[in-house]
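>>> Please work out how this folds:
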Amino acid sequence: MVKKELTNRKLFDEFYSNKLSDGKEVDLQGRVRTNRNNGSIGFIEFNDGTFFKNIQLVYENNEYSKIRYGSTIEVKGNIKLTPNNKQPFEITVKEINLLNDCAEDYPLQKKRHSFEFLREIAHLRSRANTFYAVFRVRNVLTYAIHKYFQERNFVYVHTPLITSNDAEGAGQVFKVVADMKKPDDFFKANASLTVSGQLHVEAFALTYRDVYTFGPAFRAEQSNTTRHASEFWMIEPEMAFCDLEDNMNVIESFLKYIIKYVLDNAKEEMNFFDTMIEKGVIKKLEHVIHSEFKRMTYTEAIEILKKAKENGHHFEFNDIHWGMDLQSEHERYLTEEVIKGPLFLIDYPKEIKAFYMKQNADGKTVAACDLLVPYVGELIGGSQREEKYDVLLYKMQEIGNDKGLEWYLDLRKYGGCIHSGFGLGFDRLLMYITGISNIRDVQPYPRTPGSLKF
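Sure, this is the predicted structure:
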């Protein structure tokens, strides 16, 4: 059998560019999505995985009505343009060859399945409409991210997955051992799966100026929320000679670019999400593209939240005070009720942020920024990094994080400079763009506590 060059996507591309001719002979390979027969004529919804929309096959041979949902076939026929119908064209079948029949116990039947059920068949769920759309958008979004950075001469760096440090000192890491009886014997050190590539990629920023890493990260958190996973992907750019203001400008440019790219290049999928998953998701994303991202200090935000509380607004976390970690409801109030758009919150108390963030002149805050967006809250976190050797060493010693990170201090010792960067959870970004509410439903094979089926 020879792999066919003609695909669903090519036929739709020809149609949209007015190049698809009536009567054109076609030879395609793909999968049966539905098969129905009214006695004299039958209809198969056909897809080969290259485009979101199906192609309708019309047949008169009743033998084809026995082909089961899920089977793979080769079809030969002719294009029939039907611009006034729901589908813009269909294929009049000459011949269908059954390549591989689908067993009767196929779990994906032509009915609605719950997302919970579909997680149990993660190896098959990409064939269901929602997940077929999700993973196509995941691909488009991935490409958009690389395209943005590569067009701006960023160098893509592969940071290690096995490391001896946890970047933010959280301590929630997966240990890596070769022998349970001698857990530290293989590497002669405490080894764990990375929680972030940031520290490692900073070294390359001080060589190449603008760099990024985009890869998996791991957190051993016993959390079963809809926004947490044990394995996820992170986008982490790092830029030399770049202060906090420059960093925020890059974040804004980056987010607008990748959202627009998805809207422009996954139109069928995004229309599906807008109709079936989150009504208004396209409008929400277009609002971000056309908004000016406002700036507000953490201190100003606390005062606004205090005033809202005094005026009768009820927060679930109602103890509003300087130094607290803002909750999602506080972030959403600021973006939805106060700013009515995206907001950079800056200059956080140093006690609630990571050791590597640049200490401001007031001695109380650090040059950090969180991008907050309506309906979600925090989407991106970033900061200017502490470039002063003595200040960084003191901060690391304060939390007992100076041993094993001597190489990180060297970056300040041997010709360091002002540099900044940010981190964005790819899976949460995909949730925001598609309207999918559970992180387990945007990952091909989700990894969460108590779940390792595949």
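>>> ok, the closest residue to Glu104 other than its chain neighbours to Gly39 distance?
Among residues not flanking Glu104 along the chain, Arg68 sits closest, at 7.2 Å (C-beta to C-beta, 6 or more residues apart in numbering). All C-beta atoms are positioned from the backbone trio N, CA, C, and that covers glycine. Distance, Arg68 to Gly39, by C-beta to C-beta, to the nearest Å: 19 Å.
>>> Those two: which is more packed in?
Shown here are Arg68 and Gly39; by other C-beta atoms under 10 Å, Arg68 has more neighbours (13 against 7).
>>> pretty sure the more buried one contacts Cys102?
Yes: Arg68 lies in contact with Cys102 (C-beta atoms under 8 Å); the separation is 4.7 Å.
>>> Tell me the buried residues in stretch 395-407?
By neighbour count on 16 or more other C-beta atoms under 10 Å, the buried set for stretch 395-407 is Lys395, Met396, Asn401, Asp402, Leu405.
>>> Show residues contacting that stretch.
Ser164, Asn165, Gly169, Ala189, Leu199, Ala203, Phe355, Tyr356, Gln359, Glu386, Leu393, Leu409 (C-beta atoms under 8 Å, 6 or more residues apart in numbering).
>>> now with 10 Å?
Contact with stretch 395-407 is made by 163-169, 189-190, 199-200, 203, 350, 354-357, 359, 366, 386, 388, 392-394, 408-409, 413, as judged by C-beta atoms under 10 Å, 6 or more residues apart in numbering.
>>> coming back round to it: let's see which of the buried residues of stretch 395-407 end up in helices.
Those of the buried residues of stretch 395-407 mapping onto helices are Lys395, Met396, per DSSP state H.
>>> Make CSV out of the buried residues of stretch 395-407 and add distance to Arg447.
As requested, the buried residues of stretch 395-407 are exported to CSV (distance: C-beta to C-beta, whole Å):
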residue, distance to Arg447
Lys395, 32
Met396, 31
Asn401, 27
Asp402, 32
Leu405, 27
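>>> tell me the least confident of the buried residues of stretch 395-407?
Here the lowest pLDDT out of those sits on Asp402, with 79.
>>> Now do the phi/psi pair for that one.
When quoted as degrees, to the nearest 10, the phi and psi of Asp402 stand at phi -90, psi -20.
>>> Could you check how far it is from Lys350?
Taking C-beta to C-beta, one finds Asp402 at 17 Å from Lys350.
>>> same deal with Glu329?
Applying C-beta to C-beta to Glu329 and Lys350 gives a distance of 24 Å.
>>> got it, and Val442?
Distance, Val442 to Lys350, by C-beta to C-beta: 33 Å.
>>> cool, Lys294 as well?
According to C-beta to C-beta, Lys294 and Lys350 sit 23 Å apart.
>>> likewise Ile320?
19 Å.
>>> can you check Val93 too?
Val93 is 69 Å from Lys350, by C-beta to C-beta.
>>> can you list residues touching both of Arg68 and Cys102?
In contact with both Arg68 and Cys102: Val32, using C-beta under 10 Å, 6+ apart.
>>> since we're on Ala133, how many residues are nearby?
Neighbour count for Ala133, taken as other C-beta under 10 Å: 23.
>>> Determine the set of other helices and strands touching the strand or helix carrying it.
Ala133 is part of helix 129-151 when elements are defined by DSSP states H and E. Packing contacts for helix 129-151, counted by 3 or more C-beta pairs under 10 Å, 6 or more residues apart in numbering; DSSP states H and E, involve helix 115-119, strand 155-156, strand 210-218, strand 231-240, helix 244-265, helix 267-276, helix 426-434.
>>> Kindly confirm my reading that Lys284 is in a helix.
Yes: using DSSP: H, G, I helix; E, B strand; the rest coil, the assignment for Lys284 is a helix.
>>> Any regions of the chain where pLDDT drops low?
Scanning the chain for pLDDT under 70 picks out 1-2, 168-171.
>>> count of residues packed around Arg385?
Other residues close to Arg385 by other C-beta under 10 Å number 27.
>>> just the strands in the stretch 251-400 of the chain please.
294-297, 343-349, 365-373, 377-384 (DSSP state E, counting those that start in this stretch).
>>> which one of those strands lies closest to Glu221?
In terms of C-beta to C-beta, the element of these nearest to Glu221 is strand 377-384, at 16.6 Å.
>>> Next, the angle from that closest one to strand 343-349.
If you take axes from the mean of the first three to the mean of the last three C-alpha atoms, to 10 degrees, strand 377-384 sits at 50 degrees to strand 343-349.
>>> Would you list the strands that strand 377-384 pairs with, along with their directions?
Neighbouring strands of strand 377-384 in its sheet, by DSSP bridges, are strand 365-373 (antiparallel), strand 419-425 (antiparallel).
>>> ok so, going back, Lys294 and Lys350: which has the busier surroundings?
Between Lys294 and Lys350, counting by other C-beta under 10 Å, Lys350 is the more crowded of the two (20 against 16).
>>> so how far is Ala354 from the nearest residue in space to the more buried one that is not next to it in sequence?
Excluding the flanking residues, the one nearest Lys350 by C-beta to C-beta, 6+ apart is Val366, at 4.7 Å. From Val366 across to Ala354, the span is 8 Å (C-beta to C-beta).
>>> just Val195 next, same as before
For Val195, the distance to Ala354 - C-beta to C-beta - is 11 Å.
>>> All good on my end, thank you.
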